[in-house]
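A.B. asks: Starting from these lines, generate the structure:
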Amino acid sequence: MIRRTILEWETLRYGDAAGEIPAHAADRIAAVAAASPLAGRGGGGVLGHGRKALRARGVVGVIAAGGCALEILPKIDIPNEEGSQATGSIRRRLVHMLAVALDLKIDAGQVTALDWQRETLLEILIRLFSEKLVDAVRQGIPRRYVEHADDLPALRGRLNVTRQFTTLAVDPSRLACRYDALTSDIALNRIMKAAITRLSRIARTTDNQRRLRELTFAYADIADLPVQALRWDDVVLDRTNGRWRELLNLARLLLGERFQTTSAGGSDGFSLLFEMNMLFEEYIARMLKRALGDTDLRVVSQGGRLYCLEADDRRQVFQTRPDILIKRGDAVVQVVDTKWKRITARIDDPKRGVSQADVYQMMAYGRIYECERLTLLYPHHDQAGCDEGLIGDYGVNSCQDRLEIFSIDVARGDDIKARLRSMCQSGLKEVQ
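C.D. replies: Reported below is the predicted structural model:
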């Protein structure tokens, strides 16, 4: 098995050396990447397939095909760590961000037991899913009463009068019955079985394969449906089975639209990919909700949805959707837009790498949402040439609006809530 790990935006040259990938393996991986929904119209949104090398884009995850796999990790600076140790720490931070975004609880014991330095992101997620599912199954597979309709020799439940006196009028020995039966063959369990079946084909570690085999036996009586036929909307979570919410979120991650089985060059392939822009935005939004939960501030993610323009016929066009709105009551006191890209040192660029389009967008948000405090939030890194926190504070000409540029170090997950809370509360006196 050829396995390589690189960081986003890095290049992996073709060759047989340890830090290279054979050209035939690169071709297969590039073909699978091009089939991903994240690849875009030209097929190059995940990987650049050049003549001499593969180049990662702003997408992270795992791509595998025909005896080879490529793991792409986010570019997160880990202080005082190098090589496999730094790689393991990056995987840990990425899983933490996914856990926050998906409302997953990973206890300290699971974190300690995971082999962050040697297992790929995919194997780590499979292990988390299979361990949680084994624990849940030991407490009992959920069952529900499901309505059935059948023609029986004796009455069970209620009589379907219409069917009895039409279709079965010539066969009085059969009764058209409608009844409720307690069954485990329900939508939730079918999703779990589909995840088990899919992961059984791609898991590589012995422990993952063993747990998935055990789960296959436990779900032997559940209908085996293809992923496209799963009925996600039929899943009912209540106080009796609320503990399955985390597993459902993990299954949605592993079976959703960003996890696809495709065919490339005659060999099966798959990919588990995430857009870091979207993951960073969701992670920050959820951490902000936790950080401000005991204040009078309310965090709204992907809200607002006000329009920029109004046509002559009063039809509104160009709807806006800011990443994060922070409200006090109905008033917007801060607009936060997250950007997963590296800011530059001031000595290299006075604008710090902030794009003009982003500034224009924030100015529009300020006018549309009548908010004077606008914040662009970037991930912090070692080459930024400054400390984490407030990087720039600018006044917008001809109005009272101010544009702030902040950075947050996602490598430090211990007190990120306090740091985000400080970012929001630092300028509240000016906007009250």
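A.B. asks: how far away is the residue sitting furthest away from the middle of the chain from Gln164?
C.D. replies: Largest separation from the mean C-alpha position in the chain: Val170, at 56.6 Å (C-alpha atoms, centre = their mean). Distance from Val170 to Gln164, counting by C-beta to C-beta, to the nearest Å: 11 Å. Every residue, glycine included, has its C-beta placed from N, CA and C.
A.B. asks: go on, Ala53?
C.D. replies: 71 Å.
A.B. asks: same check, this time on Asn80
C.D. replies: In terms of C-beta to C-beta, Asn80 sits 78 Å off from Gln164.
A.B. asks: Name the residue in those two with the higher neighbour count.
C.D. replies: Using other C-beta atoms under 10 Å as the criterion, Asn80 and Gln164 rank with Gln164 on top: 17 against 6.
A.B. asks: wait, doesn't that one sit right on Ser173?
C.D. replies: No. Here Gln164 does not reach Ser173: they are 11.8 Å apart, not a contact under C-beta atoms under 8 Å.
A.B. asks: helix or strand right after the least confident helix or strand in the chain by mean pLDDT?
C.D. replies: Here the helix or strand of the chain ranked lowest by mean pLDDT, DSSP states H and E is strand 259-264, holding a mean of 42. Downstream of strand 259-264, the next assigned helix or strand under DSSP states H and E is strand 267-275.
A.B. asks: Can you list the strands that that next one pairs with?
C.D. replies: strand 59-65 (antiparallel), strand 259-264 (antiparallel) (DSSP bridges).
A.B. asks: And for the first one, what's in contact with it?
C.D. replies: Put plainly, it is strand 59-65. With contact meaning C-beta atoms under 8 Å, 6 or more residues apart in numbering, strand 59-65 is reached by 8, 28-29, 31-33, 36, 38, 45-47, 69-74, 94, 120-122, 202, 258, 264-265, 267-276.
A.B. asks: Show me just the buried residues among those.
C.D. replies: 8, 28-29, 31-33, 36, 38, 45-47, 69-74, 94, 120-122, 202, 258, 264, 269-276 (16 or more other C-beta atoms under 10 Å).
A.B. asks: Just the element for the closest residue to Ile324 other than its chain neighbours, please.
C.D. replies: Sequence neighbours aside, Val336 is the residue nearest to Ile324 in space, at 4.0 Å (criterion: C-beta to C-beta, 6 or more residues apart in numbering). Val336 belongs to strand 331-338 when assigned by DSSP H and E.
A.B. asks: cool, Thr216 as well?
C.D. replies: Under the criterion of DSSP H and E, Thr216 resides in helix 206-218.
A.B. asks: hey, what's Leu7 bridged with?
C.D. replies: On the basis of DSSP bridges, Leu7 is bridged to Leu73.
A.B. asks: count of neighbours near it?
C.D. replies: 16.
A.B. asks: my read: it touches Arg57, true?
C.D. replies: No. When contacts are counted by C-beta under 8 Å, Leu7 is not listed as touching Arg57 (11.5 Å).
A.B. asks: Next, show the common contact partners of those two.
C.D. replies: With C-beta under 8 Å, 6+ apart, Leu7 and Arg57 have no common neighbours.
A.B. asks: Does Ala357 belong to a helix, a strand or coil?
C.D. replies: Recorded secondary structure, Ala357: helix (DSSP: H, G, I helix; E, B strand; the rest coil).
A.B. asks: Let me know how buried it is, in neighbour terms.
C.D. replies: The local packing of Ala357 (other C-beta under 10 Å) involves 8 other residues.
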